[in-house]
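Colleague: sharing a sequence plus its predicted fold:
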Amino acid sequence: MKDTLIAFCDLAFCPVSYDFVTWLVRAMYAQRARHCKRLHVVLVPKEDGLGGFARSWGKHDAAAARWRLWHIAVASCPLAGATVTVTATRAQAEAMRQEPCWWPEGRAHLAGWMIEHARAGGFVPKLQPTAAAVRYAQSAWQHEKIVTLTMRSQETDESRNSDMDAALAMCGWLREKGYHPIGIADTHEVLMKGGAGAVALSPDLRLALYQRAAMNLIGNNGPAVLLWHSIAPFLQFNVALPAAEWKAHYEEHLSLRPGDQLPWARPDQRLIYRPDSFDVMREEFERWAGATS
């Protein structure tokens with residue numbers, strides 16, 4: 001086991017949400033720093049928490065917390081090439097602690113440390129979809145000019161929700177320009193209303209589609225971290241918006257001020273500190289298309 005890093009994700013601090021993905025990338029960095037061939041993730045429960053695992057947040061109940069544990073946190077581990085154990089108790093997790101291991105204290109899921117590390121010239125790993133997911137994406141979406149639009153529609157922090165009218169207008173405009181728009185519904189909405197939302201329910205398939213697309217449009221919502229830590233192109237709108245506390249959150253916890261870009265980002269990966277209105281999305285998309293033509 002000396003060639004395997006055991007990385008402990010303490011759910012007393014890390015949310016059971018897409019924030020886990022940033023923690024996972026930090027675990028990949030720790031694996032590389034310790035020269036380990038393999039990564040094994042151990043999820044450490046918050047035994048007195050929501051559903052016995054998670055911190056309480058938003059309007060999620062215990063059942064939703066457990067669903068997110070299995071379908072977001074556990075399901076994202078293959079993107080790092082990692083195996084995973086979900087422990088029943090903290091004592092069980094402690095019994096697994098052996099070198100080499102990484103058990104960070106506090107909120108290691110926040111990207112501020114990684115951004116500062118990259119600004120200083122440090123290496124930041126990239127997530128990759130599995131080979132099977134890549135094959136499925138290539139088979140299901142064969143158009144060469146795919147553009148995804150990832151929607152947010154939540155009862156928690158509704159001010160961050162997508163502008164649906166603007167998204168529909170953008171889809172129409174994209175079709176006129178010869179692109180093939182694909183709307184990805186909010187996972188919560190897919191679950192509540194049903195439908196064949198395979199991408200919305202699988203981080204692996206979602207990332208495979210993102211990487212296949214010519215461009216991905218997204219707002220201030222969870223799956224954006226998959227784009228941050230991948231080679232997929234993206235324009236993320238509503239960054240540090242709309243409420244003032246989001247600007248403070250980005251500055252304090254992510255070391256990002258309005259106008260800043262991720263230090264590891266490519267030219268086709270941009271944070272847009274403007275709302276996701278149709279005019280803004282069209283303008284930023286045209287700027288990207290013009291730079292690549």
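Modeller: That came through, no problem.

Colleague: number of nearby residues for Met28?
Modeller: Here the number of neighbours of Met28 (other C-beta atoms under 10 Å) works out to 21. C-beta: built from backbone N, CA, C; applies to glycine.

Colleague: residues in contact with it?
Modeller: Taking C-beta atoms under 8 Å, 6 or more residues apart in numbering, we find Met28 in contact with Leu39, Ala80, Pro125, Leu127.

Colleague: pick the one among those residues closest to Asn220.
Modeller: Asn220 lies nearest to Leu127 out of those, by C-beta to C-beta, at 19.8 Å.

Colleague: what's around the closest one, how many residues?
Modeller: Neighbour count of Leu127, defined by other C-beta under 10 Å: 25.

Colleague: report pLDDT for the residue lying closest to it once chain neighbours are set aside.
Modeller: Counting by C-beta to C-beta, 6 or more residues apart in numbering, the nearest residue to Leu127 once its immediate chain neighbours are dropped is Leu79, at 4.2 Å. Per-residue pLDDT puts Leu79 at 97.

Colleague: my guess is Leu79 contacts Arg206. True?
Modeller: No - with contact defined as C-beta atoms under 8 Å, Leu79 does not count as touching Arg206 (9.8 Å).

Colleague: quick one, which of these two is more surrounded?
Modeller: The residue with more neighbours, out of Leu79 and Arg206, is Arg206; 28 against 25, by other C-beta under 10 Å.

Colleague: Gly178 is in contact with Lys145, correct?
Modeller: Yes - contact between Lys145 and Gly178 holds when scored by C-beta under 8 Å: they sit 6.2 Å apart.

Colleague: more neighbours: the two, which one.
Modeller: Shown here are Lys145 and Gly178; by other C-beta under 10 Å, Lys145 has more neighbours (13 against 9).

Colleague: so who does that one touch?
Modeller: Gly178, Tyr179, His180, Ala214.

Colleague: so which of the residues you listed belong to strands?
Modeller: Within the contacts of Lys145, residues falling in strands by DSSP state E are His180.

Colleague: where does the residue lying closest to Ala63 once chain neighbours are set aside land on pLDDT?
Modeller: Leaving aside its chain neighbours, Ala63 sits nearest to Gly51 (6.9 Å; criterion: C-beta to C-beta, 6+ apart). As predicted, Gly51 sits at a pLDDT of 85.

Colleague: now do Gly51 against Phe13, distance only.
Modeller: Per C-beta to C-beta, to the nearest Å, Gly51 is found 16 Å from Phe13.

Colleague: just the buried residues of the helix or strand harbouring Glu245, please?
Modeller: Using DSSP states H and E, Glu245 falls within helix 244-253. Residues Trp246, Lys247, Tyr250 are the ones in helix 244-253 that count as buried (16 or more other C-beta atoms under 10 Å).

Colleague: identify the bridge partners of Leu50.
Modeller: With DSSP bridges as the criterion, Leu50 is bridged to Ala54.

Colleague: quick one, helices of the stretch 151-293 of the chain?
Modeller: If DSSP state H, counting those that start in this stretch is used as the criterion, the helices of the stretch 151-293 of the chain fall at 164-176, 187-193, 203-212, 224-228, 244-253, 278-292.

Colleague: helices or strands up against the fourth one?
Modeller: This points to helix 224-228. Using 3 or more C-beta pairs under 8 Å, 6 or more residues apart in numbering; DSSP states H and E as the contact test, the elements touching helix 224-228 are helix 19-33, helix 203-212, strand 215-218, strand 234-236.

Colleague: angle of the longest one against helix 203-212?
Modeller: Between the direction of helix 19-33 and that of helix 203-212, the angle (axes from the mean of the first three to the mean of the last three C-alpha atoms, to 10 degrees) works out to 80 degrees.

Colleague: list the buried residues of helix 19-33.
Modeller: For helix 19-33, burial by neighbour count (16+ other C-beta under 10 Å) applies to 19-31.

Colleague: over to the shortest one?
Modeller: Of the residues in strand 234-236, those scored as buried under the neighbour-count criterion (16+ other C-beta under 10 Å) are Phe234, Leu235, Gln236.

Colleague: so how far is that strand off the chain centroid?
Modeller: Offset of strand 234-236 from its chain centre (C-alpha atoms, centre = their mean, to the nearest Å): 12 Å.

Colleague: so what strands line up beside that strand?
Modeller: Under the criterion DSSP bridges, strand 234-236 sits next to strand 215-218 (parallel), strand 269-271 (parallel) in its sheet.

Colleague: low-confidence ranges, the stretch 151-293 of the chain, go.
Modeller: Along the stretch 151-293 of the chain, the model assigns pLDDT under 70 to residues 193-196, 243.
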